[in-house]
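Colleague: Here is a sequence with its predicted model. Questions after.
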Amino acid sequence: MTAHDAPVELAERYARWLRLLPPTDRARSADEMLATYLRTVPPGRRRPTVADRLDVARYAARRWWHALGAPADVRPEASATVAWLLAAALSYAAVRALVLGVASVREGWSLSALAPLSPSWALWPVVVVALLCGSRRVAGATAAAAAALGAGALVGVVGDGERLVAVYEVGWVVAQAVVAVAALRAGARPRRRARVVTVLVLVVGSVLGLVTAADLTGVLPSGQLGLRLAGGLGVSALVGPAALALVAVLGGRVERHALPPFAAVLAVLVVGRDGGLLPGSTRWVPMTGLPLDAATLLPLVGLPVLVLVAVRLVVAAADRAAQPRRAVRPAGPPV
């Protein structure tokens, strides 16, 4: 059957399925795909075959995934930027957990309640040093091992009945996994200015984590500063500015495409630790011992995904808006 011989109703139904494609793919290849499907459909059919529907759905999902990701020309450097900056930002959690872990062993406190991820954070200095030395595979493999250890520790915590602690700490395991994936996908070191910001974030994060742990263990007199920094305030005060530095300080196209993973990690950390986006919210996660039901898990999983997609769309729109300017920008003077 040719495209001209196909019933109008059948062509319209195929065209509706092809609207699942991203706009750029739809404009580039939808007509050709429609003609191909109409040529191969059995005579007499009035609806697309199940195989064709599944084929379009799979292809659309794959193209949307690529459309929401970083373009191929910036993906290696953007991944390196994510790995470096996020690993440095997580130094806050690593130092805090290690100090609390040592204090728990020394004082006989409950390690699963205060620092359940301290075994996984013990690997984090290796991740940071490997990245600084350019050993991306070592850094990625070590971060993956840390995330696996952390996930195993949280399973044990849930088994012990400490569900609140598991929800409180799960964001750190997600962040470790993001660093692992970014390090393994990185193709080169980030730009020099990104490396400078990374070192600054590393120093600030380590000092902030040490202060938080010292206050929580009673070395410092107040006790309130440590509690505030250990919650969403401390997370936002470190990971948030690190993410904003990608745009405000560094500000290039590569850094824009490194921003969505940061936004998703920040979302899962804040939701897990603050219980929601609004002050006083107690139903997003079990802040008062609520069960691990849909009202807990859906925001914890769904909100970071929505944030990731939303920021990806904004970055893609910024790229499309910048393309005409790059095209008409006059060439510089000859060197």
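Modeller: In hand now; what should we look at? It should be emphasised that the depicted structure is a prediction, and the values quoted were computed from it without experimental measurement.

Colleague: any low-confidence regions in this protein?
Modeller: In the predicted model of the chain, residues 1-6, 67-69, 107-114, 216-251, 273-297, 323-335 satisfy pLDDT under 70.

Colleague: Go through it and flag its longest helix.
Modeller: Secondary structure of the chain per DSSP state H: the longest helix is helix 294-328.

Colleague: buried residues in that helix?
Modeller: Thr296, Pro299, Leu300, Leu303, Pro304, Val307, Leu308, Val311, Arg312, Val315, Ala316, Asp319 (16 or more other CB atoms under 10 Å). Placement of C-beta: from N, CA and C, glycine included.

Colleague: Which of these sits closest to Leu149?
Modeller: Ranked by distance to Leu149 (CB to CB), the buried residues of helix 294-328 are led by Leu300 at 20.5 Å.

Colleague: Spatially, what comes nearest to that closest one if we skip its sequence neighbours?
Modeller: Residue nearest to Leu300 in three dimensions, not counting chain neighbours: Val271, with 5.6 Å by CB to CB, 6 or more residues apart in numbering.

Colleague: Using the three-state scheme, assign Glu77.
Modeller: When the structure is split into helix, strand and coil by DSSP: H, G, I helix; E, B strand; the rest coil, Glu77 lands in helix.

Colleague: need the contact list for the residue nearest to it when sequence neighbours are not counted.
Modeller: Spatially, and ignoring its direct neighbours in sequence, Glu77 is nearest to Val254 (4.8 Å; CB to CB, 6+ apart). Val254 is in contact with Val74, Glu77, Ala78, Thr81, Pro190, Arg191, counting by CB atoms under 8 Å, 6 or more residues apart in numbering.

Colleague: As JSON lines, these with neighbour count and distance to Leu164 would be great.
Modeller: Formatted as JSON lines, the entries for the contacts of Val254 read as follows, by neighbours: other CB atoms under 10 Å; distance: CB to CB, whole Å:
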{"residue": "Val74", "neighbour count": "18", "distance to Leu164": "40"}
{"residue": "Glu77", "neighbour count": "23", "distance to Leu164": "39"}
{"residue": "Ala78", "neighbour count": "30", "distance to Leu164": "35"}
{"residue": "Thr81", "neighbour count": "30", "distance to Leu164": "34"}
{"residue": "Pro190", "neighbour count": "26", "distance to Leu164": "37"}
{"residue": "Arg191", "neighbour count": "16", "distance to Leu164": "41"}
